[in-house]
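Participant: Return atomic coordinates for the entry below.
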Amino acid sequence: MKSPAVVNFAPEPGAVEIREIEMPTIGDEDVLLEVENVGVCGSDLHQWTAHHSWPVNYPVVLGHEFGGRVVEKGAKVEGWQEGDRVVSETAAIIDTDSPMTRRGQYQLDPSRKGFGYGVNGAMTRYVRVPSRILHRVPDALPFSQACLTEPCCVAYSAVVRNARIEPGDRIVVLGPGTIGILCAALARLCGAEVAVVGLEQDAGRLAIAETYGCESIIGNPGDWARDRDGLGSDGVIDAAGASATLKIALDVVRPDGWISKVGWGPQPLDFSLDPLVQKNVTLQGSFSHNWPIWERVLALLTSGQLDVRPIIGGIWNLDDWEIAFEKMHRGEVVKSILTPN
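Facilitator: Numbering: from 1, shown residues only. Have a look, this model is predicted:
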């Protein structure tokens, strides 16, 4: 049986189209998941526009933010049954003997391949998923929200695991995209005062950041960052998709502060990193997530402490994928969601 899928078929701009693909064949330790909802990520857009900086196994089905129901399980799968409501992590292929995997940090295994670039993703009706990366979704959490567990986990890693926020801190978040807004929301949950920074064209997204109790700033955040004692913000979360924002982060962070960089930017730097040394600043990269983070985030989503509804700009059928992509690309919505069925 074949199903339509959103396929990225070449490294050129616009090389994405609907294609009919065969239903996946699962292995002994896999499940076959019928996808209910799949979020559109900025990385999907980058592959669509060919502005990405990571290797892609063409042709590949896009989509790594997804949830659905188990419809088939492999012979060695335990703990899961047909009909179970689940979400999946993104580490589709890992080396189980890797030193990083053995430390529980399989997301940093150099051989890791993820859905949507390394293996076929979830912008289709059925996706093959290793049972080791499944998480149960409570009945009270709709799939339209549960499918956004993955970007919430990216933000959790950047804000909670890879930063050092204390209640009362002043935190600047650069970039009002999905990850930036979710980072801001989590920083607020940690007790920080937060300002989200964007451009004129980001006014709509900045308004959504304000619903999470954040300040919104168009342009330079320096005055806000230095308002308390003149030294700068306690921390900066760089969630923008450009390298140049790191210069802003170095400018507005206080001495002995920190920068958590989660946004990808393939452009080369054209400025000095001397302020990093002079200010004794900690610069921390933040990539992906692992099992305990997913369990924490699902608990936050289910309890309502973390509410993703404000960032959802619409839900489109798979055939309308291009509309969903365009609306995100133009900044009309923060997050687009697709329904493959």
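
Participant: Helix or strand for His51, just tell me which one.
Facilitator: Mapping His51 onto the secondary structure by DSSP states H and E places it in no helix or strand at all.

Participant: got the phi/psi numbers for it?
Facilitator: In terms of degrees, to the nearest 10, the main-chain angles of His51 are phi -110, psi 20.

Participant: what about the nearest residue to it once chain neighbours are set aside, how many neighbours?
Facilitator: Spatial nearest neighbour of His51, excluding adjacent residues (Cβ to Cβ, 6 or more residues apart in numbering): Pro266 at 7.4 Å. Where C-beta positions appear, they are placed from N, C-alpha and C, glycine not excepted. By the measure other Cβ atoms under 10 Å, the count of residues near Pro266 is 12.

Participant: Tell me how far Pro266 lies from Trp54.
Facilitator: Computed as Cβ to Cβ, to the nearest Å, the Pro266 to Trp54 distance reads 9 Å.

Participant: Between those two, which contacts overlap?
Facilitator: Shared contacts of Pro266 and Trp54, defined by Cβ atoms under 8 Å, 6 or more residues apart in numbering, are not found at any residue.

Participant: and Ala242, which of the three is it?
Facilitator: Three-state assignment for Ala242 (DSSP: H, G, I helix; E, B strand; the rest coil): coil.

Participant: so what's it up against?
Facilitator: Listed by Cβ under 8 Å, 6+ apart, the contact partners of Ala242 are Gly263, Gly265, Gln267.

Participant: Dump the residues you listed to JSON lines, plus secondary structure.
Facilitator: Shown next, in JSON lines, are the contacts of Ala242 (three-state DSSP):
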{"residue": "Gly263", "secondary structure": "coil"}
{"residue": "Gly265", "secondary structure": "coil"}
{"residue": "Gln267", "secondary structure": "coil"}
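
Participant: Apart from its neighbours in sequence, what residue is nearest the residue positioned nearest the centre of the chain?
Facilitator: Centroid-nearest residue in the chain, with Cα atoms, centre = their mean: Pro151, separated by 2.9 Å. Of all residues not flanking Pro151 in the chain, Thr178 sits nearest, at 5.2 Å (Cβ to Cβ, 6+ apart).

Participant: how close does Met103 sit to Asp97?
Facilitator: Actually, residue 103 is Arg. It isn't Met. Counting by Cβ to Cβ, the gap from Arg103 to Asp97 is 12 Å.

Participant: Neighbour count: those two, which is higher?
Facilitator: Using other Cβ under 10 Å as the criterion, Arg103 and Asp97 rank with Arg103 on top: 11 against 8.

Participant: roughly how far apart are the more buried one and Leu250?
Facilitator: Distance of Arg103 to Leu250, given as Cβ to Cβ: 31 Å.

Participant: and what of Val129?
Facilitator: 40 Å.

Participant: Could you check which of the two is surrounded by more residues?
Facilitator: Taking other Cβ under 10 Å, Val129 and Leu250 do not tie; Val129 has more neighbours (26 against 23).

Participant: Give me the pLDDT value at the more buried one.
Facilitator: pLDDT, Val129: 98.

Participant: Phi, psi for Gly83 please.
Facilitator: phi 100, psi -10.

Participant: who does the residue lying closest to it once chain neighbours are set aside bridge with?
Facilitator: Beyond its immediate neighbours in the sequence, the residue positioned closest to Gly83 (Cβ to Cβ, 6+ apart) is Arg69, lying 5.9 Å away. With DSSP bridges as the criterion, Arg69 is bridged to Glu34, Arg85.

Participant: which element is Ser336 on?
Facilitator: Using DSSP H and E, Ser336 sits in strand 335-339.
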